[in-house]
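Asker: below is the sequence, then the predicted model.
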Number of protein chains: 2
Amino acid sequence: MLNHFEKIAQLVASLDTKTQIFLSKIEETKSFKKGEILLNAGSVCRKSFHVRKGIMRKYHIKNGKEITTDFFFEDDIALAYTSYTFQEPSTEFIDCLTDVKVSITHREQWEAAKIKFPKLLELDLLLTEIHAGALEEDLLDLRTLTATERYEKLLAQAPELLLHIKLTHIASYLNISLETLSRIRAKF
Amino acid sequence: MLNHFEKIAQLVASLDTKTQIFLSKIEETKSFKKGEILLNAGSVCRKSFHVRKGIMRKYHIKNGKEITTDFFFEDDIALAYTSYTFQEPSTEFIDCLTDVKVSITHREQWEAAKIKFPKLLELDLLLTEIHAGALEEDLLDLRTLTATERYEKLLAQAPELLLHIKLTHIASYLNISLETLSRIRAKF
DNA sequence: CTAATTTTTTGATGTAGGTCAAATTTTGAG
DNA sequence: CTCAAAATTTGACCTACATCAAAAAATTAG
């Protein structure tokens, strides 16, 4: 049984050279400074950001408070899913937690590529399936795990995250207050 | 701008007759009694249940408690998403809240149909996108809304649900205890 | 290196919503 | 209809976690 990462790798590897060249032609590499905002709430997400270097973050602002919904590391694809997919104004922001290098692909061109190379439609489906699977897991965790358990799970599954990201962001990602997270950590 | 229901309808309407006939041939209609379990935790979800009549429910059992994760009404497609998609043992149950009539399609045959009729791949992607979008919304609601707000939102968006489904199930769906839900309702 | 700023910790207190138990209402089988 | 079982409500109490405030530690700019 392949894990999700292997499935994606396998599908990508199966793309023929023409497809790969086409994809590399429609992407454009850019650099951004720590703190720069690549997507603002209110605007439609028309690009995907393939992270080549650095860390990005996606968050909502609700009642003046930031709610972090995702972190993106090297090789992750950062986008505001609902806005990107349905071309609606985003309710989320995407910013850079470090200096960042990304490959940008415009949605329009990716859609055109999917028509030209149907294998990409399969890839798109696979990525969407994996995204949905992860959301289902997050939802169940939020329903059933205590604050401590959510922290422990993150610690077990993504310890590197804890090394690079400020507690404020981790707290909001775990849906815990900063103070409670600090107390959870104090007891190891 | 089309809503999700219209998008699906449009895509389905665009399927040619051959495709539609093929699909109707691989599905099989069956009836089940209220209370019957159509999918057990531990077994792999290999079928989708297109609800023709009645109401079904999907739920987890965690620490001996049922956690309802979805209701399925007429025209909805009931399945345990992660188990179905990745063919892993399900962590969820699906049962009938009323007597039910469903059209069953085996995943294998649906997969074969997708290869034969690529338009179905697009349909599959659209359905998955909509599912993921709904999950993102649920997740944000759970993070940001109070118990009362979650109930009010359900009341506004799916009032018919409240008429047909027991409070115990609605409470667990909203991630509220039965008693708290009862108190929320008492104050209208 | 040092001061200013940001981040994290610690402490005191508040509260939304959970749990347990019992009363009441509704439902449904015969 | 009738009465037993199931569902819902009500009451008393509890707890996980939030909030507010201030101290301590870490980071950063000059």
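Answerer: Nice, I can see it. Numbering: from 1, shown residues only, chains lettered A, B, ... in the order given.

Asker: which residues of chain A lie near DNA strand D?
Answerer: Within chain A, the residues that sit near DNA strand D (C-beta under 7 Å from any atom of the strand) are A:Thr146, A:Ala147, A:Thr148, A:Asn175, A:Ile176, A:Ser177, A:Glu179, A:Thr180. In short, each C-beta sits where N, CA and C put it, glycine included.

Asker: name the nearest of the residues you listed relative to A:Leu121.
Answerer: When the residues of chain A next to DNA strand D are compared for distance to A:Leu121, the smallest value, 34.5 Å, is given by A:Asn175; criterion: C-beta to C-beta.

Asker: what's the helix or strand for the closest residue to the closest one other than its chain neighbours?
Answerer: Ranked by C-beta to C-beta, 6 or more residues apart in numbering or on different chains and with sequence neighbours excluded, the top spatial neighbour of A:Asn175 is B:Arg143, at 5.1 Å. Using DSSP states H and E, B:Arg143 sits in helix B:119-144.

Asker: okay, the angle between that helix and helix A:119-144?
Answerer: Note on geometry: by axes from the mean of the first three to the mean of the last three C-alpha atoms, to 10 degrees, helix B:119-144 and helix A:119-144 are set 30 degrees apart in direction.

Asker: and helix B:119-144, which residues are buried?
Answerer: B:120-133, B:135-136, B:138-140, B:142 (16 or more other C-beta atoms under 10 Å in any protein chain shown).

Asker: what about A:Ile104, which SS state?
Answerer: Secondary structure assignment for A:Ile104 (DSSP: H, G, I helix; E, B strand; the rest coil): strand.

Asker: got it, and A:Leu15?
Answerer: Using three-state DSSP, the structure places A:Leu15 in coil.

Asker: distance check, it against A:Lys116.
Answerer: A:Leu15 is 12 Å from A:Lys116, where distance means C-beta to C-beta, to the nearest Å.

Asker: neighbour count: these two, which is higher?
Answerer: With other C-beta atoms under 10 Å in any protein chain shown as the criterion, A:Leu15 and A:Lys116 differ in neighbour count, and A:Leu15 comes out ahead with 17 against 11.

Asker: how about A:Glu122, what does it touch?
Answerer: Residues counted as contacts of A:Glu122 (C-beta atoms under 8 Å, 6 or more residues apart in numbering or on different chains) are A:Leu11, B:Leu121.

Asker: how does it look with 10 Å?
Answerer: Under the criterion of C-beta atoms under 10 Å, 6 or more residues apart in numbering or on different chains, the contact list for A:Glu122 reads A:Leu11, A:Ser14, A:Leu15, A:Lys114, B:Lys114, B:Pro118, B:Leu121, B:Asp124, B:Leu125.

Asker: got it, and A:Asp141?
Answerer: Counting by C-beta under 10 Å, 6+ apart, A:Asp141 makes contact with A:Glu149, A:Arg150, A:Lys153, A:Leu154, A:Leu174, A:Asn175.

Asker: same check, this time on A:Ala41
Answerer: For A:Ala41, the residues meeting the contact criterion (C-beta under 10 Å, 6+ apart) are A:Tyr59, A:His60, A:Ile61, A:Ala80, A:Ser83, A:Pro89, A:Ser90, A:Thr91, A:Glu92, A:Phe93, A:Ile94.

Asker: give me that answer again for 6 Å
Answerer: In this structure, A:Ala41 makes contact with A:Ser90, A:Thr91, A:Phe93, judged by C-beta atoms under 6 Å, 6 or more residues apart in numbering or on different chains.

Asker: from these, pick the one nearest chain B.
Answerer: Nearest to chain B among those is A:Thr91, at 8.0 Å by C-beta to the nearest C-beta.

Asker: how much space between that closest one and A:Gly64?
Answerer: Distance, A:Thr91 to A:Gly64, using C-beta to C-beta: 15 Å.

Asker: cool, and A:Lys47?
Answerer: Note on A:Lys47: its distance to A:Gly64, by C-beta to C-beta, is 27 Å.

Asker: the more surrounded of those two?
Answerer: Neighbour tally, A:Lys47 and A:Gly64, criterion other C-beta under 10 Å: the higher count belongs to A:Lys47, 22 against 5.

Asker: the residue nearest to that one when sequence neighbours are not counted bridge partners, please.
Answerer: Here the nearest residue to A:Lys47 in space, its sequence neighbours aside, is A:Ile104; by C-beta to C-beta, 6+ apart that works out to 5.1 Å. Per DSSP bridges, the residues bridged to A:Ile104 are A:Glu28, A:Phe49.

Asker: tell me the contacts of A:Ile104?
Answerer: The contact partners of A:Ile104, by C-beta under 6 Å, 6+ apart, come to A:Glu28, A:Lys30, A:Lys47, A:Phe49.
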